[in-house]
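Undergrad: Structure for the following, please:
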Amino acid sequence: MRLPFIEAGEIVTTHGVRGEVKVLPWLDSPEMLCGFARCRVGGREYEIENCRVQKTCNLLKLAGVNTMEDGQALRGKTVELYRQDFPEGLIFAAELMGMDVFAEDRCIGKITDVLDYPGNSVYVVTGEHEYLIPAVKQFILDTDPEANVMRVALIEGMRSDED
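TA: Purely as a prediction, here's the structure:
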């Protein structure tokens, strides 16, 4: 299911006296947030005037947020990016949740979790049985977010209750 907004991080504090806010990013890297011209915070759209990386966080200067008090009012809020501003083929873990998973034209369940590991992600598919499916081309044959369907190839050992 395509989401209209992607949660990109949380505003954790202010930075300086000119309204900059410090964002703990939830994207693949802090640099990724710097490629956007707009965002939403608390349901309101903001133009991103400046974004820079500071260690593992981002410092954002949002249009209309000009004082430390303005920035403080946004503390604890989630920064959302517009889905339409991302490249077309990119699919996020949040969009996979609840997706129907098919193996050999049979529905084996729905994606209930995405586990992130250093090598690759693993999709947890829950139905009659639970499956742990590595997110690699060998096993993920096709993903159609519009139809909310993923087709996979199963091998022995993916079913969590197998002996």
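Undergrad: For the chain, which residue occupies the most central location?
TA: When the chain is reduced to its mean C-alpha position, the nearest residue by Cα atoms, centre = their mean turns out to be Phe92, at 4.8 Å.
Undergrad: How about the contacts made by the closest residue to it other than its chain neighbours?
TA: Leaving out its chain neighbours, the residue that sits closest to Phe92 by Cβ to Cβ, 6 or more residues apart in numbering is Ile6, at 5.7 Å. Just so you know, the C-beta spots here come from the backbone N, C-alpha and C atoms, and that holds for glycine as well. Remark: with contacts taken as Cβ atoms under 8 Å, 6 or more residues apart in numbering, Ile6 is in contact with Glu80, Leu81, Tyr82, Arg83, Phe86, Phe92, Ala94.
Undergrad: 7 Å instead, please
TA: Counting by Cβ atoms under 7 Å, 6 or more residues apart in numbering, Ile6 touches Glu80, Leu81, Arg83, Phe86, Phe92.
Undergrad: same deal with Gly71?
TA: Shown here is Gly71, whose contacts under the criterion Cβ under 7 Å, 6+ apart are Thr14, Gly19, Glu20, Val21, Val65.
Undergrad: Wait, Leu132 touches Ser160, no?
TA: Yes. Taking contact to mean Cβ atoms under 7 Å, the distance of 5.8 Å between Leu132 and Ser160 places them in contact.
Undergrad: With distance to Ala37 added, can I get the contacts of Ile6 in TSV?
TA: As requested, the contacts of Ile6 are exported to TSV (distance: Cβ to Cβ, whole Å):
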residue	distance to Ala37
Glu80	14
Leu81	10
Arg83	15
Phe86	13
Phe92	19
